[in-house]
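Visitor: next come a sequence and a model predicted from it.
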Amino acid sequence: MKIWLLSFGCLLLISCGKVTLPPDTQNSLNQTTNYVGQFKSAHATLPTRKDFLAWWKPRDLHGVFDYQTAHGKDGDEYFVYIWLGNKMLVYSSKNNTVRTL
């Protein structure tokens, strides 16, 4: 019984951390992850923050406002920061989830 309760509690905590985005914000996140993927395919590396900001500036992306590579990792992980109303969210490429920061 204790194992079942512990497992249920862990699942509840994990599911509470995930966030569903409004369609326009999800579309902006999709555009951002597509950009990062295309950049990586073309250059064999993730874009720098400077590259991202140059791409981001002329676009009207809803909620997406910053990007960061994960330092000290395998070179494929990055984070996209999203402002949604009164809370900041972060998308992690490692597990393709959005959570509250």
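Guide: Received, thanks. Worth saying up front: this structure is predicted, and the values here are computed from it rather than measured. Numbering: from 1, shown residues only.
Visitor: by mean pLDDT, point me to the weakest helix or strand of this protein.
Guide: Lowest by mean pLDDT, DSSP states H and E among the helices and strands of the chain is helix 2-17, with a mean of 43.
Visitor: contacts only, for residue 78.
Guide: Residue 78 makes contacts with 36, 46, 67, 68, 69, 70, 93, as judged by Cβ atoms under 8 Å, 6 or more residues apart in numbering. C-betas here are computed from N, CA, C, even on glycine.
Visitor: how about the second one, phi and psi?
Guide: So that's residue 46. Per-residue torsions, residue 46: phi -70, psi 150 (degrees, to the nearest 10).
Visitor: then the first one?
Guide: The phi and psi torsions at residue 36 (degrees, to the nearest 10) take the values phi -60, psi -40.
Visitor: can you give me the strands for the protein?
Guide: All strands of the chain, identified by DSSP state E, fall at 64-69, 78-84, 87-92, 97-100.
Visitor: surely residue 100 meets residue 87?
Guide: Yes: at 5.9 Å, residue 100 and residue 87 qualify as touching, with contact defined as Cβ atoms under 8 Å.
Visitor: which stretches of this protein have low pLDDT?
Guide: Scanning the chain for pLDDT under 70 picks out the ranges 1-17, 72-74.
Visitor: and the residue nearest the centre of it?
Guide: Nearest to the centroid of the C-alpha atoms of the chain, with distances taken as Cα atoms, centre = their mean, sits residue 91, at 1.6 Å.
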